[in-house]
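Student: sequence and computational prediction follow.
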Amino acid sequence: MPTGEEHSYLLARSSLDDFLSFMSGYATDAAASDRGRLVAVWKAAAERMEHLRDTDPEHADGATIEPLALALRPLIARVEADPIFKRAFNDAPYEIATVDLDPVVASQKLVCLEHVRRLQAQLGQNPSAEALFRFCLPFDREPPDHRASRIGDDEFAFVSESSDLRFLEAVKLRPDQITGYQPVGPIAGVVALVVGFGSNYLNVLSINGRHILNNGNHRACALWDAGIRRVPCVVQTLTHPDEIDVHAPRAVKRDPELYLTGPRPPLVGDYFDPVLAHRHFVALTRKQVRVSYSIEEKDMP
């Protein structure tokens, strides 16, 4: 019996070497060691994608945006008043609107199907318009459980069960922005290395008529698998190549042709296609983020 949680690996966005390396290093299934079978699985997905690119090349093109119902405007105002939202979406035009998940382009390699099921249980069947909005754009969320500790004179470690744990930014703070701290001398400034979680809003990037999933992969998958296709979402419209370098997921920046201009890129629904995705078990892991600093003092002429 395999250990861990069931995941779906999106074959269409990875090379054969990446797939084999991942399966040998992370999967706990007995079949993970059968390289011949894994090669056959990957080749079948590659052939299926070639067929789709020939027969349905424009599936992701012409993605549309529709306004939300007027009754949801108070919830939109709650989202836009959230300081986290203001900070996360202040550097590109956006609108909170309805998008169709069917043509949304996906670039994340792995989705945890156990977490997808947990989210579906949280949403429930036949959710109201308000419940669906709060599921997609949760403005009253609590951060996942986490812990932090000092592991060296100049290094700290943060650990969480959530894979969303990440380094957020390095920032210089004024003394009046710090509370509950008694310095040993007058403060010249504070440099903070901030670790936390993503803004947690379902978000797509609108680029040349395509919608690229940028945040909320598991919620998008939970909705798609539940048959809910039209969903509330933060849509950021990007019109310049430099904006793509700033906002797009790493995989999209590495291979923009595949996701932004090529025929029939990987889509959200592909995670649930038995040919385009491979299901396997991955051992339970914790996400760790380590931050360290260095100091240099010298006399300047």
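Tutor: Perfect, thanks for sending it.

Student: dump the host helix or strand of residue 131 to PDB, keeping only the CA atoms.
Tutor: Element membership for residue 131 (DSSP states H and E) is helix 129-136. Provided in PDB are the C-alpha atoms of helix 129-136 (Å, rounded to 0.1, in the frame of the first residue of the first chain):
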ATOM      1  CA  ALA A 129     -23.100  32.700  -5.200                       C
ATOM      2  CA  GLU A 130     -21.700  34.200  -2.000                       C
ATOM      3  CA  ALA A 131     -20.200  30.900  -0.800                       C
ATOM      4  CA  LEU A 132     -18.500  30.500  -4.200                       C
ATOM      5  CA  PHE A 133     -17.100  34.000  -4.000                       C
ATOM      6  CA  ARG A 134     -15.700  33.500  -0.500                       C
ATOM      7  CA  PHE A 135     -14.100  30.200  -1.600                       C
ATOM      8  CA  CYS A 136     -12.400  31.900  -4.600                       C
END
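
Student: host element of residue 213?
Tutor: strand 210-215.

Student: show me what the helix or strand immediately after that strand in the chain is packed up against.
Tutor: Next helix or strand after strand 210-215 toward the C-terminus (DSSP H and E): helix 217-225. Counting contacts by 3 or more C-beta pairs under 8 Å, 6 or more residues apart in numbering; DSSP states H and E, helix 217-225 packs against strand 110-112, helix 113-123, helix 129-136. For the C-beta atoms, the positions are set from N, CA and C on the backbone; glycine is no exception.

Student: avg pLDDT for the helix holding residue 131?
Tutor: Helix 129-136 shows an average pLDDT of 96 in the prediction.

Student: now stretch 68-87
Tutor: Mean predicted lDDT for stretch 68-87 stands at 93.

Student: what do you get for stretch 10-23?
Tutor: On average, stretch 10-23 scores 93.

Student: ends of it, how far apart?
Tutor: 12 Å (C-alpha to C-alpha, to the nearest Å).

Student: next: stretch 179-187.
Tutor: Across stretch 179-187, first to last residue, C-alpha to C-alpha, it's 13 Å.

Student: likewise stretch 247-256?
Tutor: 13 Å.

Student: and the angle from the strand holding residue 213 to helix 217-225?
Tutor: Orientation of strand 210-215 against helix 217-225 (axes from the mean of the first three to the mean of the last three C-alpha atoms, to 10 degrees) gives an angle of 120 degrees.

Student: buried residues, strand 210-215. List them.
Tutor: 210-215 (16 or more other C-beta atoms under 10 Å).

Student: just checking, what packs against it?
Tutor: Secondary elements touching strand 210-215 (3+ C-beta pairs under 8 Å, 6+ apart): strand 203-207.

Student: and the strand it packs on, how far from the chain's centre?
Tutor: Computed by C-alpha atoms, centre = their mean, to the nearest Å, the separation of strand 203-207 from the middle of its chain amounts to 12 Å.

Student: which residue sits closest to the spatially most central residue of the chain, ignoring its sequence neighbours?
Tutor: Computing the C-alpha centroid of the chain and ranking residues by C-alpha atoms, centre = their mean puts residue 215 first, at 4.0 Å. Of all residues not flanking residue 215 in the chain, residue 203 sits nearest, at 4.0 Å (C-beta to C-beta, 6 or more residues apart in numbering).
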